[in-house]
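S.K.: Any chance you could fold what I've pasted below:
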Amino acid sequence: MSLAQRIHDQFDDSGAVKRAALSAMAAPIEAAIRAMAACLAAGGKVMACGNGGSAADSQHFAAELLNRFEKERPPLAAIALTTDTSTLTSIANDYAYEQVFAKQVSGLGRAGDVLLAISTSGNSPNVIAAIEAAHVRGVRVVALTGKGGGTIARTLRSDDIHLCVPADRTARIQEVHLLTIHCLCDGIDALILGETQ
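M.R.: Have a look, this model is predicted:
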């Protein structure tokens, strides 16, 4: 197979997965937008966590809220739990890597806040621990997963929101995660700025 064909196939596959994801995810994405916008409007904050590419997605999401997405508006309270190396390494060293996000949620989370928990497999132990800590603190969870949701799907409560990409290939899941993050940012801005009902 030529490189040109491989590139073509990647684009085709990505488009097909995104179209399938729209049918499965549109309603829960809307629910997540409304939950996050309500949290922010009430003076709460959105925390985000994940590993590897999902850590980058957490930081991307927090930056779009705290700074701006596509329109000018006041900063929104968002924090990526993946960025403070002193906190991350001290928790990993003194306790366990599984606790690097959970301890931050326990310390920073307040009832009414929202946690965006990102895991392509749905099986990341430290993200699962963060979800459990969020439940203890009264923090609502929006889980962004793929591959059927894994253990995270079974950890979520009835008032949590599950955004599960209907795909098994990590690259495709990550591509839909980024699009979902942009949908969240756009929708939050629309509600905050009064551009939609």
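S.K.: Skipping adjacent residues, who's closest to the residue nearest the centre of the chain in space?
M.R.: Centroid-nearest residue in the chain: residue 116, 3.9 Å away (criterion: C-alpha atoms, centre = their mean). Once flanking residues are discounted, residue 116 sits nearest to residue 48: 4.1 Å by C-beta to C-beta, 6 or more residues apart in numbering. (C-beta placed from N, C-alpha, C; glycine too.)
S.K.: For the one you found, give me its contacts.
M.R.: Residue 48 makes contact with 57-59, 61-62, 78-82, 115-118 under the criterion C-beta atoms under 8 Å, 6 or more residues apart in numbering.
S.K.: For it, give its distance to residue 168.
M.R.: 24 Å (C-beta to C-beta, to the nearest Å).
S.K.: next one: residue 68
M.R.: In terms of C-beta to C-beta, residue 68 sits 34 Å off from residue 168.
S.K.: same question, residue 107
M.R.: 35 Å.
S.K.: which of these two has more neighbours?
M.R.: Each of residue 107 and residue 168 has its neighbours counted (other C-beta atoms under 10 Å); residue 168 has more, 13 against 10.
S.K.: Look up phi and psi at the more buried one.
M.R.: Residue 168 adopts backbone torsions of phi -110, psi -20, taken as degrees, to the nearest 10.
S.K.: and the longest helix for this protein?
M.R.: helix 3-41 (DSSP state H).
S.K.: now for that one, which elements pack on it?
M.R.: Counting contacts by 3 or more C-beta pairs under 8 Å, 6 or more residues apart in numbering; DSSP states H and E, helix 3-41 packs against strand 46-49, strand 114-118, strand 140-145, strand 161-164, helix 170-192.
S.K.: can you tell which of those is closest to residue 86?
M.R.: Ranking the helices and strands packed on helix 3-41 by proximity to residue 86 (C-beta to C-beta) places strand 46-49 first, at 16.5 Å.
S.K.: tell me the angle of the helix or strand just after that closest one relative to strand 140-145?
M.R.: Next helix or strand after strand 46-49 toward the C-terminus (DSSP states H and E): helix 53-66. Compare the direction of helix 53-66 with that of strand 140-145 by axes from the mean of the first three to the mean of the last three C-alpha atoms, to 10 degrees and you get 130 degrees.
S.K.: For helix 53-66, which residues meet the burial criterion?
M.R.: 53, 54, 55, 56, 57, 58, 59, 60, 61, 62, 64, 65 (16 or more other C-beta atoms under 10 Å).
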